[in-house]
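Undergrad: sharing a model prediction with you, sequence too.
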Amino acid sequence: MKRREFLTALGVAALAPQLGCSSSGAGALTGTRRLKKVGIQLYTLRDDARRDLEGTLANIARAGYKEVELLGSMNNFDMAPDRLRAVLDRNGLTAPSTHIETGAFADLDRYIDAGKILGHQYLIVASLPDGEKLGVDDYRRWADRFNEAGARALRGGMRLGFHDEAWDFRKVDGQVLYDVFAQRTDPSIVWLQLDTGNAAIGGADPLEYMKRYGSRYWLFHIKDAPSIGADHDVELGKGVVDFRKLFAMIDRIDEKHLYVEQETYPGAPIDSVRRDYDYISSLTF
């Protein structure tokens, strides 16, 4: 199912008045703190990276980013871990985490070994297979698999996490699937990565989820959406997510990893990446 078709079927646009998001992305709170470091999810520049990963990482560093979340799910565009680590080091970048697929559970040691070379602390599962078709029992079964794989990852010196998609916030049999998963996974074994834009597109208020699971969020995708139920995202500060309020809610924020992510663009992706950095790095909270 395509994203537009899924969201239309979900009918999340009707939930917009219930959300604590703002139309400008700037809340009423003011402060003097700013992010000490800003990261980026490499998927934001996936097409550039596919053509020239080394050049793309150099452009990311020049834009001001200090961290990058890699794409083990795409085999890091076939660049070997030792060479990729050298490119990161040369550009002053660190890679605290990477995205993987659930298929990695069958070969977890290989991902752990590569992660240690690349400096990862977290292996984050991007999404559940056919997630838009799953029900409550499926999410429970996957939660049990994450508990088992997460324990194996910890024994290998790595933390396992889960990243939300819009369809994870569907309600089935009176239950929100994301909550079913989060409440069944062991917080000491499975970490959560909050994708703010995906949550909003799925009809969920990211601020409410911060209240609910804030202590489990050690990684974030900082993504904006033009409206609740939209079929695409927008540059930061041009949508409904109130990042000022969100940041103020994140305990020990300087120890956590916040990655800008944008999937659609008004022009060249690298230009959006630069504007996203300028917005988010100057935001006070």
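TA: Done, it's in.
Undergrad: residue at max distance from the center of this structure?
TA: In the chain, D173 marks the outermost C-alpha relative to the chain mean, sitting 26.9 Å out by CA atoms, centre = their mean.
Undergrad: hang on, it packs against G135?
TA: Yes. Judged on CB atoms under 8 Å, D173 makes contact with G135 at a distance of 7.4 Å. Just so you know, the C-beta spots here come from the backbone N, C-alpha and C atoms, and that holds for glycine as well.
Undergrad: ok, back up a step: distance check, the residue lying closest to the residue farthest from the centre of the chain once chain neighbours are set aside against P187.
TA: The spatially closest residue to D173, leaving aside those adjacent along the chain, is V136, at 5.4 Å (CB to CB, 6 or more residues apart in numbering). Relative to P187, V136 is positioned 20 Å away (CB to CB, to the nearest Å).
Undergrad: compare these two (neighbour count), which wins?
TA: The neighbour comparison of V136 against P187 (other CB atoms under 10 Å) goes to V136, with 16 against 12.
Undergrad: low-confidence ranges, this protein, go.
TA: Within the chain, the segments meeting pLDDT under 70 span 1-30.
Undergrad: downstream neighbour of the top helix by length along it in the secondary structure list?
TA: The single longest helix within the chain, with elements called by DSSP state H, is helix 136-155. Following helix 136-155 in sequence order, the next helix or strand is strand 159-163 (DSSP states H and E).
Undergrad: give the other helices and strands that that next one contacts.
TA: For strand 159-163, the packing partners by 3 or more CB pairs under 8 Å, 6 or more residues apart in numbering; DSSP states H and E come out as strand 122-125, helix 136-155, strand 190-195, strand 217-222.
Undergrad: make it 10 Å
TA: Under the contact definition 3 or more CB pairs under 10 Å, 6 or more residues apart in numbering; DSSP states H and E, strand 159-163 sits against strand 97-100, helix 108-118, strand 122-125, helix 136-155, helix 177-184, strand 190-195, strand 217-222.
Undergrad: ranking these by burial, who's on top?
TA: strand 97-100 (a mean of 26; mean count of other CB atoms under 10 Å).
Undergrad: partner strands of that strand, parallel or antiparallel?
TA: strand 67-71 (parallel), strand 122-125 (parallel) (DSSP bridges).
Undergrad: contacts for stretch 141-155?
TA: 102, 104-106, 108-109, 111-112, 115, 122-123, 125, 128-129, 131, 134, 158-162, 177, 180-186, 188-191 (CB atoms under 10 Å, 6 or more residues apart in numbering).
Undergrad: from what I can see Q193 touches D168, true?
TA: No. With contact defined as CB atoms under 10 Å, Q193 and D168 do not form a contacting pair (11.7 Å).
Undergrad: how far does the helix or strand harbouring G197 sit from its chain's centre?
TA: Element membership for G197 (DSSP H and E) is helix 196-201. What separates the centre of helix 196-201 from the centre of its chain is 10 Å, taken as CA atoms, centre = their mean, to the nearest Å.
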